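Chemist: next input, structure requested:
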Amino acid sequence: MNGMEKNKKYFIQSVDRALSIIEILSKEKELGVTELSKRLNIHKSTIFSLLGTLQYRGYISQNLKTGKYQLSLKLFEIGHIVFDGLDLLKISRPYLEKLLTLHEETVHLVVLDNDEIIYIDKIESSQSIKISSRIGSRLPVHCTGVGKAMIAFKSEQEIKEIIKHKPLKRFTSNTITNYENFLKELQKIRRQGYAMDNEEFEQGLICVAAPIKDIKGNVIAALSIAGPTIRMNKEKIFQTYTERQGLETRVPNR
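Modeler: Numbers count the residues shown, from 1 in each chain. Model prediction:
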């Protein structure tokens, strides 16, 4: 049972709906009452009340020209407070910078949250051809190098629970969608110590990722380099793995 299921008995519908509005607006520039009503299948009057509360608390603002709503900077402020409290971000930064300097490819720091990965840090490549990603975005675990690098070291029961809630959806012809094949892939990752996204989420993109463990051996995050197939090579794979080993010696217990 994951954390979301455990907390269902404390579920409050109005709070859930308000948070759904925030999540939708995080992916759109701005939306109106009617659009949100259709997206959430909730009556306009209820949407209007929820928007009014969120606006009163400063989480959204209204564009007076269009009448539509957008997220405010309050969420940005809260996010930075959370980030400032993460030792992992401060400790890992020099390693991300070193990987960028060595290979000039986009580097990421990622954690697992509610059966998905979430990007918590990123340094973008200056190359003309580069990947599109952003801090705070979420992706599935099964088709990303960082996701596979983190769940490979979980128990089989934990892996089953994750896949139960986030099925092995196909994104490209390389995506692993068979459960038994997926388990074999995770076994391979445990043996070699790193994972790859071999055009499994996006065609033409390769990601090499390594798990980050605390001194007790618990996987708490993953780092990666990602770039187009024409530039990714074995040297970059090996360097990502070795940089992870240096980072692990400095990560505190969680």
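
Chemist: rest of the way, CA atoms for contacts and neighbours
Modeler: OK.

Chemist: next, the closest residue to residue 200 other than its chain neighbours: secondary structure please.
Modeler: Taking C-alpha to C-alpha, 6 or more residues apart in numbering as the measure, residue 200 lies nearest to residue 175, with 4.3 Å between them; neighbours along the chain are not counted. Look at residue 175: counting by DSSP: H, G, I helix; E, B strand; the rest coil, its state is coil.

Chemist: quick check: what element follows the helix-or-strand element of the chain with minimal mean pLDDT along the chain?
Modeler: Ranked by mean pLDDT, DSSP states H and E, the weakest helix or strand in the chain is helix 3-6, scoring a mean of 55. Toward the C-terminal end, the helix or strand that comes next after helix 3-6 (DSSP states H and E) is helix 13-25.

Chemist: can you give me the buried ones in that following helix?
Modeler: 17-18, 21-22, 24-25 (16 or more other C-alpha atoms under 10 Å).

Chemist: from these, pick the one nearest residue 59.
Modeler: residue 22 (8.1 Å; C-alpha to C-alpha).

Chemist: any idea how many residues pack against residue 197?
Modeler: Neighbour count for residue 197, taken as other C-alpha atoms under 10 Å: 23.

Chemist: okay, which residue is most central for the chain?
Modeler: residue 118 (1.8 Å; C-alpha atoms, centre = their mean).

Chemist: phi, psi for that residue please.
Modeler: phi -130, psi 130 (degrees, to the nearest 10).

Chemist: wasn't residue 211 part of a strand?
Modeler: Yes. Membership of residue 211 in a strand is supported by three-state DSSP.

Chemist: ok now do the residue nearest to the centre of the chain, which residues does it touch?
Modeler: 110-112, 135-139 (C-alpha atoms under 8 Å, 6 or more residues apart in numbering).

Chemist: do the same with residue 146
Modeler: Shown in contact with residue 146 (C-alpha under 8 Å, 6+ apart): 110, 117, 195-196, 208-211, 222-224.

Chemist: double-check that it belongs to a helix.
Modeler: Yes. The assignment for residue 146 (three-state DSSP) places it in a helix.
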